[in-house]
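Trainee: sequence unknown, structure follows:
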């Protein structure tokens, strides 16, 4: 089974094959910054000599690195580390505590890829939400709902626009959520401390679409470029909706995954 908690994104099928071991060694060099954007990785002949493997095995190494979005090949020149390497985000790990009882932070997730993860609050307050948000809460279509929006960044480049909506009970307990300032802790952690912990059993609806003008401007991509939208409805252990989120991500920089 894939070990997402350690940042390992492949299912080894019960063991690590030679091509996987070599690819992971190169991946870790990239994560540590030993191989930087634009640097060449070892050539096929070099991989064969260094690891005493066949050409098909060396080719499998490069194909696996490409499947992770880490490298590109240029005819006659070699294979090079990409600048815009994607991060794989397991969607529940910032929401539901892991086996260690802790929720992961965006900074921790991105650091596994040798990059810096930061967040920037772009607004907060109360407003009439999109109708699907009102529907998820069971509110009237014109009800005012507390909201908070932030950008998730990788190496200072925005990769996701995340807009969170909260019921009044949550905001009354955690008023910091609708102030456009940096929070003292993970929002889900603050909610949990106040008695509004998200529990397993929520729903994420995900689909691909084209970026709108506003989303393109926020993410620094072309209008109509592919994005993924995840619409989250999180509930507490009693089934009450405690959070609704819309997460719009640059598909080239942020990949989303779920465990099951």
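Mentor: Nice, thanks for sending it over. All of these numbers come straight from a predicted model, not from anything done at the bench.
Trainee: element containing residue 161?
Mentor: strand 157-166 (DSSP states H and E).
Trainee: could you list the buried residues of the helix or strand following that strand?
Mentor: Tracing the chain C-terminally past strand 157-166 and defining elements by DSSP H and E, one meets helix 168-173 next. Using 16 or more other CB atoms under 10 Å as the burial criterion, the residues of helix 168-173 that qualify are 170, 171. C-betas here are computed from N, CA, C, even on glycine.
Trainee: rewinding a little: let's test this: mean pLDDT of the strand holding residue 161, rounded?
Mentor: When pLDDT is averaged along strand 157-166, the result is 97.
Trainee: now tell me what touches that strand from outside.
Mentor: Outside strand 157-166, the residues within contact range by CB atoms under 8 Å, 6 or more residues apart in numbering are 87, 120, 129, 133, 137, 145-153, 174, 177-178, 187, 215, 218-220, 242-250, 253-254.
Trainee: okay, and which of these map to helices?
Mentor: Among the contacts of strand 157-166, the residues falling in helices (DSSP state H) are 133, 137, 187, 215, 218, 219.
Trainee: what's the separation between the first one and residue 18?
Mentor: Think residue 133. 50 Å (CB to CB, to the nearest Å).
Trainee: what about these two, which has more around it?
Mentor: residue 133 (21 against 15; other CB atoms under 10 Å).
Trainee: residue 146 is in contact with the more buried one, correct?
Mentor: No: contact criterion CB atoms under 8 Å: residue 133 and residue 146 do not qualify, at 11.0 Å.
Trainee: and residue 210, how many neighbours?
Mentor: 12.
Trainee: which residues in the chain form helices?
Mentor: 18-31, 44-51, 55-67, 106-111, 131-137, 168-173, 187-193, 213-219.
Trainee: counting by contacts, list what the last one packs against.
Mentor: So that's helix 213-219. Packing contacts for helix 213-219, counted by 3 or more CB pairs under 8 Å, 6 or more residues apart in numbering; DSSP states H and E, involve strand 157-166, strand 241-250.
Trainee: quick one, which of these is nearest to residue 203?
Mentor: Nearest of those to residue 203, taken as CB to CB: strand 241-250 at 10.1 Å.
Trainee: so that closest one versus strand 157-166, what angle?
Mentor: 160 degrees (axes from the mean of the first three to the mean of the last three CA atoms, to 10 degrees).
Trainee: show me the contacts for residue 153.
Mentor: 117, 118, 119, 120, 159.
Trainee: tell me how many other residues crowd residue 142.
Mentor: Number of residues near residue 142 (other CB under 10 Å) recorded here: 9.
Trainee: ok, residue 190 touching residue 175?
Mentor: No: using CB under 8 Å, residue 190 is not in contact with residue 175; the gap is 10.2 Å.
Trainee: of those two, who's got more company?
Mentor: More crowded of residue 190 and residue 175, by other CB under 10 Å: residue 190, with 17 against 10.
Trainee: now the more buried one: closest residue in space, sequence neighbours ignored.
Mentor: residue 174 (5.0 Å; CB to CB, 6 or more residues apart in numbering).
Trainee: tell me if I'm right that the one you found and residue 191 touch.
Mentor: Yes: the pair formed by residue 174 and residue 191 meets the contact definition of CB under 8 Å, at 6.0 Å.
Trainee: more neighbours: the two, which one.
Mentor: Counted by other CB under 10 Å, residue 174 and residue 191 do not tie: residue 191 has more neighbours, with 23 against 20.
Trainee: list the residues that contact the more buried one.
Mentor: 170, 173, 174, 177, 197, 198, 242, 243.
Trainee: please render those as a markdown table that adds pLDDT to the earlier fields.
Mentor: Putting those into a markdown table (pLDDT from 0 to 100) gives the following:
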| residue | pLDDT |
| --- | --- |
| 170 | 97 |
| 173 | 96 |
| 174 | 96 |
| 177 | 95 |
| 197 | 93 |
| 198 | 92 |
| 242 | 97 |
| 243 | 97 |
